[in-house]
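Engineer: This is a predicted model, with the sequence first.
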Amino acid sequence: MERESSKDYYVEPVEIEIYLKKAGKVRTIIKDLLVELIDVEPTNEKSASIFSYFRGRDEPIDIMEVQNQFPELIKPIYDSYYQNMDLFEKLSIMFKEGLAGSIDSWRLSLYFTELLIKYEPTIASKIIGDFQTYNLNYLIRKLNNLGEKFLMEDATVRYLIKRRNMAYEGTRRDREFDKLVELWEYNVKEKFF
């Protein structure tokens, strides 16, 4: 798939072992599992305002900036994230560095977002909306647009697959996608045993 058309996908390499009868050998090939990024929609009027503000600026949703622009959310944000506020402050700095042109900051932002998404949902995220998934998609697209290669944790890949499957529930199954997911899951299990 061309780089331009794959920008709305997370690309996970999947190892496939093929037995060549005539040669009596096993070869390993790599196929790309393309997981479509499913956009997050705001859940209420307040989250619609927040999403609109950041989408209009083509920026990730920065919790520190949310508090500046929507001061009525300072208390729910603090109550929800006080234990991880230092990580959100570092993430905010990385967002700003990324917007200033630092590719490494985008990559680090992705890994911080992968970590912080594990603590959701919270009271604040019910008000703001699923900003962590919004940021995850934003950062994957940003790195894709920059032509950067990156890999994510298995749990994050599983989460993206689940979101994609929920979005396509009730439609015709994509056999190739399903088969690659099955092989990927098998490979993940094999790594730990």
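Structural biologist: In hand now; what should we look at? Numbering: from 1, shown residues only.
Engineer: Thr28 looks like it's in a strand, true?
Structural biologist: Yes: the assignment for Thr28 by DSSP: H, G, I helix; E, B strand; the rest coil puts it in a strand.
Engineer: who touches Ile18 in this structure?
Structural biologist: Val26, Arg27, Thr28, Ile29 (Cβ atoms under 8 Å, 6 or more residues apart in numbering). From N, CA and C alone the C-beta is placed, and that goes for glycine too.
Engineer: Also Asp8?
Structural biologist: Glu36, Leu37, Arg141, Asn144.
Engineer: What about Thr28, how many residues nearby?
Structural biologist: Look at Thr28: counted by other Cβ atoms under 10 Å, it has 8 neighbours.
Engineer: Mind listing the residues bridging to it?
Structural biologist: With beta bridges defined as DSSP bridges, Thr28 has these partners: Glu17.
Engineer: distance of it from Met152?
Structural biologist: Separation of Thr28 from Met152 (Cβ to Cβ, to the nearest Å): 22 Å.
Engineer: List the buried residues of the longest helix along the chain.
Structural biologist: The longest helix of the chain (DSSP state H) is helix 175-192. Judged by neighbour count using 16 or more other Cβ atoms under 10 Å, the buried positions of helix 175-192 are Phe177, Leu180, Val181, Leu183, Trp184.
Engineer: Please tabulate those in JSON lines, including the columns pLDDT.
Structural biologist: Below are these laid out as JSON lines (pLDDT from 0 to 100):
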{"residue": "Phe177", "pLDDT": "96"}
{"residue": "Leu180", "pLDDT": "95"}
{"residue": "Val181", "pLDDT": "96"}
{"residue": "Leu183", "pLDDT": "93"}
{"residue": "Trp184", "pLDDT": "95"}
